[in-house]
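**Student:** Sequence and predicted structure are below.
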Amino acid sequence: MLPAADSFHPRHAEDFVHTVSGRRVRTPRDMWYPPRPAVELGLDRCRRQVIIKAVAPGAAEARILERLALGPLRDHPDNHTIPIVSILHNIIINDRATFLVHAQWGQWRLERTPCSLSFWAGTQAYQLLQGLAFMHDQGIAHGDLYYGNIVCNFGSLRSRDNPCLSFENFQESGNYRVAFIDFGEARDFGVSGSIQIPCPRPVSGPPADFRAPEIDHCKTFDPFAADVFSMARLVLALDPRLRSDLQKIPEAYRALLNDMGHPDPSVRPSARVALERLESLNRFQTAHQWCAS
């Protein structure tokens with residue numbers, strides 16, 4: 001099966017992801033195993049792998065995904081929500097549930113990610129900030145941003161070579177796309193801009209390394225500013241070399257990440273402003289052939 005020409009709009013006979021060697025053909029029997037609570041792996045009618053997630057009836061996650069991935073917003077070029085195959089409401093097994101069925105893309109593999117500055121900033125970071133800015137413009141905060149909730153349209157996960165040459169080649173192909181998954185902590189406020197809501201107790205959201213400090217230490221927080229903080233930590237996590245030696249990042253990019261990850265949420269730029277700054281930096285680097293410093 002050929003990969004989708006447009007990963008966010010796969011046709012009926014196209015695979016969801018790009019592969020360099022055929023994935024093992026699975027049968028419905030061995031697809032069903034629980035990688036985490038209420039989530040299953042399955043096959044659609046074209047034998048493409050899908051994720052099936054059960055949520056409570058009326059869950060905000062289903063409404064948000066219907067809005068982002070099934071309505072008119074799906075066709076926006078800045079929308080990096082995982083493609084939704086279907087949303088099944090009021091299915092009765094032991095109790096009523098809503099089932100969210102979405103394409104299975106490749107999970108993030110940090111050991112594969114050492115990459116060029118142009119790919120790190122011009123492709124990965126750019127697409128992530130583009131998708132977050134779009135989401136925030138719709139009044140939606142994700143609430144759980146870290147590498148576990150980011151996927152890419154590269155599915156050859158059985159190759160164990162390190163570095164993964166097939167993945168490195170795919171990086172330069174122009175077909176690389178990232179998408180957001182798991183909207184279980186997401187909120188739809190209907191409007192963008194600063195807003196204050198009570199901090200969740202017990203604390204929820206991304207892991208501590210990616211979670212904005214005000215969620216743990218304040219009574220209220222701005223979920224949009226918290227997403228920006230998480231995105232700063234996520235962008236650094238894209239390449240293990242950058243986490244260990246920040247001096248490898250050009251100073252202007254470090255300044256942007258420092259502002260996004262500032263402990264004071266009022267100092268952080270919005271996702272849209274951060275994207276505009278990144279676009280400006282990338283244009284400069286392109287003009288100077290992506291100098292490392």
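**Tutor:** Perfect, thanks for sending it.

**Student:** Report the buried residues of the lengthiest helix in the chain.
**Tutor:** Across the chain, the helix with the greatest residue count (assigned by DSSP state H) is helix 271-287. Within helix 271-287, the residues that qualify as buried are 271, 272, 274, 275, 277, 278, 281, 282, 285, counting by 16 or more other CB atoms under 10 Å. In short, each C-beta sits where N, CA and C put it, glycine included.

**Student:** Report pLDDT for the fourth one.
**Tutor:** Residue 275 is assigned 97 on the pLDDT scale.

**Student:** Tell me who's in contact with it.
**Tutor:** With contact set as CB atoms under 8 Å, 6 or more residues apart in numbering, residue 275 has these partners: 126, 129, 130, 132, 133.

**Student:** Mind checking which of those land in helices?
**Tutor:** Going by DSSP H, the helices hold 126, 129, 130, 132, 133 from the contacts of residue 275.

**Student:** Which of those residues sits closest to residue 48?
**Tutor:** residue 130 (25.7 Å; CB to CB).

**Student:** which residues touch the closest one?
**Tutor:** 78, 80, 275.

**Student:** could you dump those to a markdown table with distance to residue 216?
**Tutor:** Rendered in a markdown table, the data for the contacts of residue 130 read as follows (distance: CB to CB, whole Å):
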| residue | distance to residue 216 |
| --- | --- |
| 78 | 31 |
| 80 | 28 |
| 275 | 27 |
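
**Student:** any idea which of those residues is closest to residue 208?
**Tutor:** residue 80 (24.9 Å).

**Student:** quick check, distance from whichever strand or helix holds residue 227 to the centre of its chain.
**Tutor:** Here residue 227 sits within helix 223-237, counting by DSSP states H and E. Centre-to-centre, helix 223-237 and its host chain are 11 Å apart (CA atoms, centre = their mean, to the nearest Å).

**Student:** List the buried residues in that helix.
**Tutor:** 223-237.

**Student:** what helices or strands is it leaning on?
**Tutor:** With contacts taken as 3 or more CB pairs under 8 Å, 6 or more residues apart in numbering; DSSP states H and E, helix 223-237 sits against helix 126-137, strand 140-141, helix 213-217, helix 240-244, helix 251-260, helix 271-287.

**Student:** Can you flag the weakest of those by average pLDDT?
**Tutor:** helix 240-244 (a mean of 68).

**Student:** Just the endpoints, please. Distance across stretch 247-267?
**Tutor:** 23 Å (CA to CA, to the nearest Å).

**Student:** list the buried ones in it?
**Tutor:** 249, 250, 253, 256, 257, 259, 260, 261, 262, 265.

**Student:** Please produce JSON lines containing those, extended by distance to residue 49.
**Tutor:** JSON lines is the format used below for the buried residues of stretch 247-267 (distance: CB to CB, whole Å):
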{"residue": "249", "distance to residue 49": "35"}
{"residue": "250", "distance to residue 49": "38"}
{"residue": "253", "distance to residue 49": "35"}
{"residue": "256", "distance to residue 49": "36"}
{"residue": "257", "distance to residue 49": "34"}
{"residue": "259", "distance to residue 49": "39"}
{"residue": "260", "distance to residue 49": "34"}
{"residue": "261", "distance to residue 49": "35"}
{"residue": "262", "distance to residue 49": "40"}
{"residue": "265", "distance to residue 49": "38"}
